[in-house]
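*Asks:* kindly return the folded structure for what I paste below:
(one chain, ligands or ions: 2)
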Amino acid sequence: MTEPVLQIDSLVKHYGQVRAVDGLSLTIGQGEVLGLVGESGSGKSTVGKCVLRLTEPTSGTIALGGRDVTHLSRRAMRPLRRDVHMVFQDPYSSLNPRFSIEQIVSEPLLRHKLARGREAAERVAAMLEKVGLRTEMMTRLPHELSGGQRQRVGLARALILEPKLVVADEPVSALDVSVQASVLNLITDLQRDMGFSCLFITHDLSVVEFLADRIAVMYLGRIVETGPTAELFAGPRHPYTQALLSAAPVPDPVKARERRRIVLGGDVPSPLDPPAGCRFHTRCPLAFDACRTVEPELADPRSGAHPAACHLVTAEHRPDAAVPGRTI
Ligand code: SF4
Ligand code: MG
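*Replies:* Ligands and ions are numbered 1, 2, ... in the order given. This is a model prediction of the structure:
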């Protein structure tokens, strides 16, 4: 088996008292797309920042291509930066307004001394074509482009070094709905064509349905359910995932009727002081006594189905694991 492109083990990132990420593990294989899904405040962006080393993890390890990079110095990290690139949410603020599109897209080539002059310009032109932009765009400034065009420039800049891993943090959520689908289709095509692995961060499950091979659902700094995309959509096991899916529009009226609609009360509790027991218990319509004190584990290796961190799921698949103190 080849090394995973990304392996995160027991990642913790606290900002002072704020427990943004609180013990998270995941792996992404070669050419695999993992959709990391959660509401705002779930810690999903912090995971992306830790992978890019834009922020230092509090504890845990991050390995790229089998190499532990958690404590590498900036300098030792530099050659590895060729292999990992980020696409940001906001195509307005993530491009330097004073630089031409050519300067923006060629910057990684120059920084890593991989090309310059005419060769760099040719590579930029070829990359722009790949993301569906005309080469005349090279002399333009970001403000002369539409939001969708700017996000295509962001993609061109992230992909020009042919990275092994792309971290995309809400890459379409700042775009008009009418433009979102075309940019998502482009990312899908580029991923299939170039074969990079991708950590795709989004608050919207429906965005990753056709793009991600696997999905990990986050709630308050932890993964509560993870599995192959089709399996998770067909049979979500955690009440939180069920709620997220039941909120999404279903075009098929038969399926829409079959789907149990779960409406969540309130907002995500503060990561300053996550609830004891199951972190979801304050909003879970199925919560019972033990949920308030006993934290459910994600691992469920005996069931054969994908793991979900919920006492009900554990009990369902492990008859010996009686639900502790259930009294509903
Ligand atoms: Fe709901 Fe309890 Fe399952 Fe948590 S463990 S998701 S509170 S039923
Ligand atoms: Mg975010």
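
*Asks:* excluding its backbone neighbours, what's nearest Pro171?
*Replies:* Val87 (4.6 Å; Cβ to Cβ, 6 or more residues apart in numbering). Any C-beta I mention is one placed from the backbone N, CA and C, and that applies to glycine too.

*Asks:* who's in contact with the one you found?
*Replies:* Residues counted as contacts of Val87 (Cβ atoms under 8 Å, 6 or more residues apart in numbering) are Gln151, Gly154, Leu155, Ala158, Val166, Val167, Ala168, Asp169, Pro171.

*Asks:* pLDDT wise, what is it at?
*Replies:* If you check Val87, the pLDDT there is 91.

*Asks:* from Phe210, how far off is it?
*Replies:* 18 Å (Cβ to Cβ, to the nearest Å).

*Asks:* next: Gln242.
*Replies:* Following Cβ to Cβ, the distance that separates Gln242 from Phe210 is 20 Å.

*Asks:* write down the beta-bridge partners of the residue nearest to Val5 when sequence neighbours are not counted, one by one.
*Replies:* Residue nearest to Val5 in three dimensions, not counting chain neighbours: Ser197, with 4.2 Å by Cβ to Cβ, 6+ apart. Beta bridges link Ser197 to Leu165 when assigned by DSSP bridges.

*Asks:* how far off centre is stretch 87-99?
*Replies:* 19 Å (Cα atoms, centre = their mean, to the nearest Å).

*Asks:* pull out the buried residues from it.
*Replies:* Residues of stretch 87-99 classed as buried by neighbour count (16 or more other Cβ atoms under 10 Å): Val87, Phe88, Gln89, Asp90, Pro91, Ser94, Leu95.

*Asks:* gap between the two ends of it?
*Replies:* 18 Å (Cα to Cα, to the nearest Å).

*Asks:* my guess is Leu155 contacts Leu133. True?
*Replies:* No - look at Leu155 against Leu133 with Cβ atoms under 8 Å: they stay out of range, at 9.6 Å.

*Asks:* how about the strands in the stretch 1-150 of the chain?
*Replies:* 6-15, 18-28, 33-37, 59-64, 67-68, 84-87 (DSSP state E, counting those that start in this stretch).

*Asks:* now the helices for this structure?
*Replies:* Applying DSSP state H to the chain gives helices spanning 44-51, 74-77, 101-111, 117-130, 147-159, 177-194, 205-208, 229-234, 239-247, 253-258, 311-317.

*Asks:* could you dump those helices to TSV with mean pLDDT?
*Replies:* Output for those, formatted as TSV (pLDDT from 0 to 100):
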stretch	mean pLDDT
helix 44-51	95
helix 74-77	86
helix 101-111	96
helix 117-130	96
helix 147-159	95
helix 177-194	94
helix 205-208	92
helix 229-234	94
helix 239-247	90
helix 253-258	60
helix 311-317	78
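
*Asks:* mean neighbour count and distance to ligand 1 added to the ones you listed, as a markdown table?
*Replies:* Converted to a markdown table, those look like this (neighbours: other Cβ atoms under 10 Å; distance: least, Cβ to the nearest ligand atom, whole Å):
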| stretch | mean neighbour count | distance to ligand 1 |
| --- | --- | --- |
| helix 44-51 | 24 | 19 |
| helix 74-77 | 10 | 38 |
| helix 101-111 | 20 | 43 |
| helix 117-130 | 16 | 43 |
| helix 147-159 | 23 | 35 |
| helix 177-194 | 15 | 30 |
| helix 205-208 | 20 | 17 |
| helix 229-234 | 16 | 15 |
| helix 239-247 | 21 | 5 |
| helix 253-258 | 9 | 21 |
| helix 311-317 | 19 | 4 |
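
*Asks:* same list (those helices) but as TSV, adding distance to Pro271.
*Replies:* What follows is these, written out as TSV (distance: least, Cβ to Cβ, whole Å):
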stretch	distance to Pro271
helix 44-51	10
helix 74-77	27
helix 101-111	33
helix 117-130	38
helix 147-159	28
helix 177-194	28
helix 205-208	21
helix 229-234	24
helix 239-247	15
helix 253-258	33
helix 311-317	22
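
*Asks:* quick check: which of the strands of the stretch 1-150 of the chain is buried the most?
*Replies:* Scoring those by mean neighbour count under mean count of other Cβ atoms under 10 Å gives strand 33-37 as the most buried, with a mean of 26.

*Asks:* that one pairs with which strands, and in what direction?
*Replies:* strand 197-202 (parallel), strand 214-219 (parallel).

*Asks:* how far off centre is it?
*Replies:* 4 Å.

*Asks:* what residues does it touch?
*Replies:* So strand 33-37 is in contact with 26, 28, 44, 47-48, 191, 197-205, 207-208, 211-218, 229, 244, going by Cβ under 8 Å, 6+ apart.

*Asks:* re the thing from before, please report how far the residue nearest to Pro171 lies from Gly16.
*Replies:* For Val87, the distance to Gly16 - Cβ to Cβ - is 29 Å.

*Asks:* just Gly265 next, same as before
*Replies:* 28 Å.

*Asks:* fine, thanks again, bye for now.
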